[in-house]
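Engineer: The following comprises the amino acid sequence and a computationally predicted model.
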Amino acid sequence: MARRWSSHDRLTAATATTSSQSSTRAPITSARRPARDPSLDALRGLAVLGMLLVNLPGDAQVTFPLLAHAPWHGLTLADLVFPAFLVAVGLAVARAGRPAIDAVLRRTLGLLVIGIALGVALNPSLAFDELRWPGVLQRIGIVYLVCALVARASVGPLMPLGLAACLLVAHTLLILMIAAPGEALPSLAPGEGVSGWLDRQLLPGRLHRQTYDPEGFLSTFPAIASGLLGVSAGRGAETLARQTAMAISCIALGLAMSVVLPLNKTLWTASFALVTTGIALLVWLSLIAGSRGAFFRGLLDLLASIGQTALTIYVMHMLLIAVMIRTWNGETTWDRLFALFAVLSPAPAINSLAFAISLTLGCAAIALLLLRRNVRLRL
């Protein structure tokens, strides 16, 4: 049964980071899992619910703009979901101390294998050239691996912060100053520039887009920086005020950079990484603050429970998509189901949202029922 979020848990969540960081000694390597942080679980819960709402519209052509990814440059609510997961990875690693290497490798491998298997479910083929090797879980696994290795090799916030800064600076210089072979100038256009060229040269199998992949090779490095900023935030700030200042600083710096380096999720530009990291940290801090009041207690308990089973929900919704995109008698199951919602109102966007909400709540309800029986995917 899901563990209740007590007032003691809330106090622990707000103070555990401070008390553990006051020591100057390196944490002891341990395979034991640290006590769960309800606010961090709630952040994961919000992120996975947001991902389902974005991925399960009734009709992607009429969905509300905020729930659709920006066509290229720009930032929408949908674009905040994936970075929130990566920041949560960094915060969790910071909370775990110095994780055991066997546990790190096991979790990384598990995420990679599940991610590739889901790709096969979406596009059934075992032909090497037809497999899509990058993906959401694969990127989370890589970010987790690097964050955990950095956590093992360092104490305090400076090393992860410095490495994140180096990755963001190097990525920015590469995409702004180096032209891809065969191109006269550097380019940030879809599939062009050094980022698209490296995807075509280095990524095996099938690209998600014809000339590039949203979880491509070069963009993985600033995505790692997002996770490392989470590690730094989890280790370094001793009070909510300092953590809030760090979050606001990330947003301000990212917005300032966006004048010359657009916010772009696919490229995972430094401006995008900083702004989305700052927003994710502010959401996390808001959940910590909200946990201290009785008014939000029930909602935060629910989000924390959903966050504990985030991997289960994610896998469930991907398998659901794999089933719904199959064509039967010339029509997909997705279209057949959405036809039941298309008559709800004269506004197609509202009908599409109602469809997404229904499937999201259904996946969450099933996962919570399984969680009450202690059944969930856990790496």
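Structural biologist: Okay, I see it. Residues are numbered from 1 along each chain as shown.

Engineer: so where is the stretch 251-379 of the chain shaky, pLDDT-wise?
Structural biologist: By pLDDT under 70, the low-scoring segments of the stretch 251-379 of the chain are 294-295.

Engineer: And the helices in it?
Structural biologist: 270-290, 297-308, 310-324, 333-339, 348-372 (DSSP state H, counting those that start in this stretch).

Engineer: what's the most buried one of the ones you listed?
Structural biologist: helix 270-290 (a mean of 24; mean count of other Cβ atoms under 10 Å). Just so you know, the C-beta spots here come from the backbone N, C-alpha and C atoms, and that holds for glycine as well.

Engineer: Show me what that one is packed against.
Structural biologist: Applying 3 or more Cβ pairs under 8 Å, 6 or more residues apart in numbering; DSSP states H and E, we find helix 270-290 packed against helix 7-21, helix 38-55, helix 81-96, helix 158-177, helix 220-236, helix 240-257, helix 297-308.

Engineer: Make JSON lines out of the ones you listed and add distance to residue 200.
Structural biologist: Conversion of these to JSON lines gives the following (distance: least, Cβ to Cβ, whole Å):
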{"stretch": "helix 7-21", "distance to residue 200": "42"}
{"stretch": "helix 38-55", "distance to residue 200": "26"}
{"stretch": "helix 81-96", "distance to residue 200": "22"}
{"stretch": "helix 158-177", "distance to residue 200": "15"}
{"stretch": "helix 220-236", "distance to residue 200": "15"}
{"stretch": "helix 240-257", "distance to residue 200": "27"}
{"stretch": "helix 297-308", "distance to residue 200": "37"}
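
Engineer: which stretch in those helices is the model least sure about?
Structural biologist: Of all these, the minimum mean pLDDT falls on helix 7-21 (a mean of 39).

Engineer: Would you quantify the distance from the residue lying farthest from the centre of the chain to residue 336?
Structural biologist: Taking Cα atoms, centre = their mean, the residue of the chain most remote from its mean C-alpha position is residue 329, at 36.3 Å. The spacing between residue 329 and residue 336, counted by Cβ to Cβ, to the nearest Å, is 9 Å.

Engineer: Ok, residue 210 next?
Structural biologist: Residue 210 is 29 Å from residue 336, by Cβ to Cβ.

Engineer: before we move on, what about residue 257?
Structural biologist: To residue 336, residue 257 is 46 Å away according to Cβ to Cβ.

Engineer: Over to residue 35?
Structural biologist: Counting by Cβ to Cβ - residue 35 and residue 336 are separated by 46 Å.

Engineer: looking at the helices of the stretch 251-379 of the chain, which is closest to residue 114?
Structural biologist: helix 310-324 (6.5 Å; Cβ to Cβ).

Engineer: Report the inter-axis angle for that closest one versus helix 297-308.
Structural biologist: Using axes from the mean of the first three to the mean of the last three Cα atoms, to 10 degrees, one finds that helix 310-324 and helix 297-308 are set 70 degrees apart in direction.

Engineer: Give me the contact list for helix 310-324.
Structural biologist: 44-45, 47-48, 51-52, 55-56, 114, 118, 121-122, 136-137, 306, 332-334, 337, 359-360, 363-364, 366-367, 370-371, 376-379 (Cβ atoms under 8 Å, 6 or more residues apart in numbering).

Engineer: and if you look at stretch 67-83?
Structural biologist: Residues contacting stretch 67-83 (Cβ under 8 Å, 6+ apart): 47, 50-51, 53-54, 57, 60, 65-66, 136, 188-190, 223, 226, 262-266, 272-273, 275-277, 279-280, 353, 356.

Engineer: wait, what's in contact with residue 273?
Structural biologist: Counted by Cβ under 8 Å, 6+ apart, residue 273 has contacts 83, 168, 222-223, 225-226, 229, 254.

Engineer: swap that for residue 141, please
Structural biologist: Contacts of residue 141 (Cβ under 8 Å, 6+ apart): 107-112, 115.

Engineer: burial of the residue lying closest to residue 81 once chain neighbours are set aside, as a residue count?
Structural biologist: Leaving aside its sequence neighbours, residue 81 sits nearest to residue 50 (Cβ to Cβ, 6 or more residues apart in numbering; 4.3 Å). Residue 50 has 19 neighbouring residues, counting by other Cβ atoms under 10 Å.

Engineer: Quick one: residues contacting residue 50.
Structural biologist: Residues counted as contacts of residue 50 (Cβ under 8 Å, 6+ apart) are 77-78, 80-81, 84.

Engineer: do the same with residue 275
Structural biologist: Per Cβ under 8 Å, 6+ apart, neighbours of residue 275: 75, 250-251, 254-255, 258, 263.

Engineer: ok, now with 10 Å
Structural biologist: 75, 79-80, 83, 250-255, 257-258, 263, 269 (Cβ atoms under 10 Å, 6 or more residues apart in numbering).

Engineer: What remains of these if I keep only buried residues?
Structural biologist: Buried subset of the contacts of residue 275 (neighbour count, 16 or more other Cβ atoms under 10 Å): 75, 79-80, 83, 250-251, 253-254, 257-258, 263, 269.

Engineer: returning to what we had before: let me know the closest of the contacts of residue 50 to residue 131.
Structural biologist: residue 81 (24.7 Å).

Engineer: how close does the closest one sit to residue 310?
Structural biologist: Distance of residue 81 to residue 310, computed by Cβ to Cβ: 12 Å.

Engineer: Residue 360 now?
Structural biologist: The spacing between residue 360 and residue 310, counted by Cβ to Cβ, is 13 Å.
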